[in-house]
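1. Starting from these lines, generate the structure:
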Amino acid sequence: MADFSSLLFFLVGIAFSQASVIDLTNENFDSIVNGDKFAFVEFYAPWCGHCKALAPTYEKLGEAFAKADDVVIAKVDADADKTLSSRFGVSGFPTLKYFPKGSTSAEDYSGGRDIKDLVSFIEGKSGARASKAIFKENVIQLDSSNFDSVALDKTKDVLVEFYAPWCGHCKNLAPVYEKVGLTFKNEPNCVVAKVDADGERTLGERYGVSGFPTIKFFPRDSEEAEEYSGGRSEQDFIDFLNEKCKTKRKSGGGISDDAGRIDKFDEFAKDFMSNVVMERVQSKGDAFITSEIERLNRLLEGAISAKKNDEFSVRRNILKQFKVDTGKTEL
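-> Below you'll find the model as predicted:
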C-alpha cells in the first residue's frame, strides 16, 4: 500500500509539473501553495462572464511561466470549493491573489488584467522571466484595417470567428478558440482569426452575420467565404482545419504521428525490412535507427523552437517505419 501511495503522489506531481495552469482544490492547495514558490491564483466560478473573458489570457499566463522553476500559476473553482473561497475571503469572481515565495499568506492583486500587466507584475514580484513567445497572438484580431489582407490572402486558409464582446456563447467559445489558435500558431498558411462584428458592423454586414458567434472559413483558392457548421469542440475545429489546410496538427501545436509519412513509403519500409537478402543491413541499420530515435526523443523533450519540434517530429515519424521490433516493422 505504501508503494502504491508513493507512486500515486509521484504521478500526481508529474501531472502538476506539466500543467500550465494548475487546478487547485481544498485537498491539494496547501501542498502546492506551500511557500516553496511564488504562486499566483485565480479564484473563479464557471458561470461567471468575467471569468470566461479572462480564461484565454490566464491560460496564456500559464504558458508564459510554464518553464519557470519558482512560479506557480493556478486556479480554484471557488464556487465548487467554498471552503477555499471562505478561507481567503473571496466574495466576487474572478478574484486574483498572490503568495510571495516563502509565505503562505495571500495578498490581493489589483492590477490590470491584460497579459502584459499580469506578466509584468509576476516578473517584478518573483524575479522570474516569462517566455516572450506568448506575446505572439494565437488568434489574430481583425478589423477593417487588416481584414482583407489576412482573410482574403490567396496564400492562406483562414478561419474567422465573428463575435460580440457581450455575447455569452462567444465567451464560452473563447478559451476553446484560443486553444485552436495555439494549435495552428506555427502553420503560416493556416490562420485562426476573429473579428468584433459588433464594433466592426460593416464587416458583419458584408458577410451576412446575423448572430454571434458566426464562424466562416476563407479558403485560399476561392473568392467566397464558407459557412462553418461543424461542432465547436477543440477537436472539431482541429479536424476541420487539418482537412482544409492539409496539415497534421494535434492539440497544443504538435504534429501527429503520421506527419511526414506516405502510404506507399510505409509499404516499401515493410518490404525492405522483411527481405531476407537485406538481413545484414537490417541488423546493422536497426541499431542506428534505434539510437537516432532515442536521440530525437531527447531533443523533443527539451526546450527547442516550434520549427525544430516539427522538423524532429517528422524525422522521427519516418525513422519509425524502419524500426524493427522482434522481426516486425513498428508503425
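2. Can you show me the helices along the stretch 1-150 of the chain?
-> Here the stretch 1-150 of the chain has its helices, by DSSP state H, counting those that start in this stretch, at 2-18, 29-32, 49-64, 82-87, 115-126, 147-151.
3. Give me the three-state assignment for V180.
-> State at V180, reduced to three classes by DSSP: H, G, I helix; E, B strand; the rest coil: helix.
4. would you list every one of the strands in the stretch 151-300 of the chain?
-> Along the stretch 151-300 of the chain, the segments classed as strands by DSSP state E, counting those that start in this stretch run 157-163, 190-196, 214-218, 226-227.
5. now what about the first one, what contacts it?
-> This points to strand 157-163. With contacts defined as CB atoms under 8 Å, 6 or more residues apart in numbering, strand 157-163 is touched by 139, 142, 150-151, 170, 173, 177, 180, 189-198, 203-204, 207, 209, 212-220, 225, 228, 237, 240-241, 244-245. Any C-beta I mention is one placed from the backbone N, CA and C, and that applies to glycine too.
6. The last one now?
-> Contacts of strand 226-227 with the rest of the structure, by CB under 8 Å, 6+ apart, involve T214, I215, K216, F217, F218, P219.
7. Now tabulate those residues in a markdown table and tack on distance to A66 and neighbour count.
-> Formatted as a markdown table, the contacts of strand 226-227 follow (distance: CB to CB, whole Å; neighbours: other CB atoms under 10 Å):
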| residue | distance to A66 | neighbour count |
| --- | --- | --- |
| T214 | 33 | 20 |
| I215 | 29 | 21 |
| K216 | 33 | 19 |
| F217 | 31 | 19 |
| F218 | 32 | 22 |
| P219 | 34 | 15 |
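8. Identify, from the residues you listed, the entry nearest to P46.
-> Nearest to P46, judged by CB to CB, of the contacts of strand 226-227 is I215 at 23.2 Å.
9. Quick check: pLDDT value at A55.
-> Per-residue pLDDT puts A55 at 87.
10. typo on my end, it should be E161
-> pLDDT recorded at E161 is 98.
11. What's the separation between the closest residue to V191 other than its chain neighbours and F147?
-> Distances taken as CB to CB, 6 or more residues apart in numbering place V158 nearest to V191, at 4.4 Å, with adjacent residues excluded. Note on V158: its distance to F147, by CB to CB, to the nearest Å, is 10 Å.
12. Looking at those two, which is more packed in?
-> Remark: of V158 and F147, V158 carries more neighbours, 23 against 20, as counted by other CB atoms under 10 Å.
13. Okay, and the beta partners of that one?
-> With DSSP bridges as the criterion, V158 is bridged to V191, F218.
14. and which of the contacts of strand 226-227 is nearest to F121?
-> I215 (34.0 Å).
15. got a pLDDT number for the closest residue to the closest one other than its chain neighbours?
-> Excluding the flanking residues, the one nearest I215 by CB to CB, 6+ apart is Y228, at 4.0 Å. Confidence at Y228, expressed as pLDDT, is 97.
16. Out of the contacts of strand 226-227, give me the two with the largest separation.
-> Within the contacts of strand 226-227, two members stand farthest from each other by CB to CB: T214 and P219, at 16.9 Å.
17. With R113 as the reference, measure out to the closest residue to K52 other than its chain neighbours.
-> Among residues not flanking K52 along the chain, K171 sits closest, at 4.0 Å (CB to CB, 6+ apart). Here K171 is placed at a distance of 15 Å from R113 (CB to CB).
18. Good, wrapping up.
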